[in-house]
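[1] Prediction below, plus the sequence it came from.
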Amino acid sequence: MAHAQEIQLQITDEGFPEHDESGGGDDNDIEWPESARTSSPNKRGVRWWMLVLVDMLILLCGEAMAPLLTRLYYNSGGKSMWMATLAQSAGSPLLLIPLLLLTPRATAAEEPHRPAATGKVVAAVCVGLGLLVGCENLMYSYAMLYLPVSTFSLVSATQLAFNAVTSRLINGQRFTALILNSVVVLTFSAALLAVDGGSDDASGDGEGASGNGKRRALGFVLTLCASAVYALTLSLFEVTFEKVIRARTLRWVLTVQVATSAVASWVSVAGMFASGEWRTIRAEAAAFEHGGTAAYVATVVGMAVGWQAATVGAKRLVARVSSLFANVTGTLALPLVPVFAVAMFGDRMTGIKVVAMLMAVWGFLSYVYEHHLEDRRRVAAQKGRRTAAACSVCSVRLRTGHRAQVVVPAPDLGVTYQG
Ligand SMILES: Nc1nc2[nH]cnc2c(=O)[nH]1
């Protein structure tokens, strides 16, 4: 009697980029970023783009409003570096309102997995990120005081180049010609502002900007360091959502934001007391231009709200798309700030500013177009999957996901089929 042969179907995961390697393995609702080769299909319809647009607007409004109010703070007599630093994180209690409205039950369907790490690990990661954010906020405050708007914008634009490196190393970001074009054009756009520097230097900066060369050199170094650390934190936030928490819902984004901002705020409060700056705040507020203490409080509250909008918009984009996309959007705001400064501080509007802004928009659209192409590739791949599903061999491949071996007992045909 002939023995039964086995038909072996060896299935590799090649050509299955949608396979979830994160451990979930199922058809979940998590929107993985573009950098993850495991991105969930079908998530980029009109609704997805609308949500991305809302996050972008929040980020752009915050990134335009907060630096302008910080300039106003410095120009009107604000001197406390720790106050400017605290304002970057102290608005986070506002996020408790939407966070409390989002009940765990309402978001449970979107969070099919528990965090990969224990609560203690998640807390430790948040503390680590919060400390990093607190230090970066301080460097950013010094940088804004010591450098003119133009130089600051120029050096800040390096955050995109830093992010290109961190997102490649930490998040496995894939680089295409369009993404590279976007990074380069946006960096050049901010560089153009430096050429136009003279018009801003006269009016838009605090007293530190017109200080000696030593302060400028320090401002340059601090802006460079802040840009590098900012890029690093965005990439670390992305990897935290992806690997530690394994959820990208609004509830988790807000939770991480509130937790890291709380730590960053404690860093600022500790710095304020350690430096003795807290003793000068009352006098500083009373002497504040445009209305004394009331104007001081309004400016600082405005800064806090603006920075919170900027950071929550950035985190949402990190979670929804990628850290590089969040940084590209934030960098788009750099040429917008000098344009808004025309209205707020009476800066001169120049042709170079307009060109810089148009280049920034062009660089940004280049990145968005890359996403559009990615969507089309995704849809084409899905169509291929549907066609493949009609075939029984391929349907096994689809069900099993990656390398799987299906052993089917078969009558003795005298052959072993490996396909
Ligand atoms: N370095 C840096 N820090 C920030 N904090 C909030 N936004 C930014 C930014 O665009 N760059």
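    Yep, that arrived.
[2] hey, let's count contacts and neighbours off CA atoms from now on
    Will do.
[3] lowest average confidence, helix or strand, in the chain?
    Here the helix or strand of the chain ranked lowest by mean pLDDT, DSSP states H and E is strand 5-11, holding a mean of 34.
[4] Where does whichever residue of the stretch 301-419 of the chain sits closest to the ligand sit, in terms of helix or strand?
    The nearest approach of the stretch 301-419 of the chain to the ligand comes at residue 330, 5.6 Å away (Cα to the nearest ligand atom). In this assignment (DSSP states H and E), residue 330 forms part of helix 323-345.
[5] repeat for residue 289
    Residue 289 belongs to no helix or strand, assigned by DSSP H and E.
[6] so who does it touch?
    Taking Cα atoms under 8 Å, 6 or more residues apart in numbering, we find residue 289 in contact with 76, 77, 295.
[7] Tell me who's in contact with the first one.
    Same thing as residue 76. 288, 289, 290.
[8] packing partners for the top helix by length along the chain?
    Assignment by DSSP state H gives helix 351-389 as the longest helix of the chain. On a contact count with 3 or more Cα pairs under 8 Å, 6 or more residues apart in numbering; DSSP states H and E, helix 351-389 meets helix 177-195, helix 323-345, helix 392-400.
[9] Any idea which of those gets closest to residue 62?
    helix 323-345 (9.1 Å; Cα to Cα).
[10] And the closest one, what's buried?
    For helix 323-345, the neighbour count (16 or more other Cα atoms under 10 Å) marks 323-342, 345 as buried.
[11] And for stretch 283-301?
    Counting neighbours by 16+ other Cα under 10 Å, one finds that the buried residues in stretch 283-301 are 284, 285, 287, 288, 289, 292, 293, 295, 296, 299, 300, 301.
[12] I'd like the average pLDDT over that stretch.
    Averaging pLDDT along stretch 283-301 gives 92.
[13] Now do it: distance from first to last residue.
    18 Å (Cα to Cα, to the nearest Å).
[14] Please shift the residue numbers so they start at 45 in all later answers.
    Got it, first residue is 45 now, which makes that one stretch 327-345.
[15] Check what pLDDT residue 263 gets.
    Reported pLDDT for residue 263: 85.
[16] Look up which helix or strand it falls in, please.
    Assigned by DSSP H and E, residue 263 falls in helix 257-283.
[17] Could you check the angle that helix makes with helix 367-389?
    Counting by axes from the mean of the first three to the mean of the last three Cα atoms, to 10 degrees, helix 257-283 lies at 140 degrees to helix 367-389.
[18] For helix 257-283, buried residues please.
    Neighbour counts using 16+ other Cα under 10 Å place 259-260, 263-264, 266-283 of helix 257-283 among the buried residues.
[19] can you count the residues close to residue 164?
    The tally of other residues near residue 164 (other Cα atoms under 10 Å) stands at 9.
[20] State the phi and psi torsions of residue 115.
    Backbone torsions of residue 115, given as degrees, to the nearest 10, read phi -60, psi -40.
[21] Which pLDDT value belongs to it?
    pLDDT, read off for residue 115, is 88.
[22] where does the stretch 45-194 of the chain dip in pLDDT?
    Along the stretch 45-194 of the chain, segments meeting pLDDT under 70 span 45-88, 147-161, 194.
[23] and the two most separated of the buried residues of stretch 327-345?
    Maximum distance among these (Cα to Cα): 17.3 Å, for 331 and 345.
[24] if we can go back for a sec, quick one: pLDDT of the residue of the stretch 345-463 of the chain closest to the ligand?
    You'll see residue 374 listed with a pLDDT of 89.
[25] same check, this time on residue 257
    pLDDT, read off for residue 257, is 71.
[26] Equivalent analysis for residue 234, please.
    Looking at residue 234, its pLDDT reads 69.
[27] And the one 3 residues further on, by the same measure?
    pLDDT for residue 237: 66.
[28] Show me the domain layout of this structure.
    46-84+425-462, 105-418 (automatic domain parsing).
[29] which of those sits most buried?
    Most buried of the domains of the chain by mean neighbour count (mean count of other Cα atoms under 10 Å) is domain 105-418; its value is a mean of 20.
[30] and that domain, how far apart are its ends?
    Taking Cα to Cα, domain 105-418 runs 27 Å from one end to the other.
[31] Distance from that domain to the middle of the chain?
    9 Å (Cα atoms, centre = their mean, to the nearest Å).
[32] about what we covered before: a markdown table for the domains of the chain, including distance to residue 90?
    Output for those, formatted as a markdown table (distance: least, Cα to Cα, whole Å):
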| stretch | distance to residue 90 |
| --- | --- |
| domain 46-84+425-462 | 15 |
| domain 105-418 | 11 |
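[33] Nearest approach to residue 93 belongs to which of the ones you listed?
    domain 105-418 (10.0 Å).
[34] Show me which residues of the chain are close to the ligand?
    184, 270, 271, 274, 355, 374 (Cα under 6 Å from any ligand atom).
[35] In terms of helices and strands, where is the fifth one?
    Same thing as residue 355. Counting by DSSP H and E, residue 355 is found in helix 336-364.
[36] Tell me what angle that helix forms with helix 367-389.
    Going by the same axes, to 10 degrees, helix 336-364 makes 150 degrees with helix 367-389.
[37] Sounds good, over and out.
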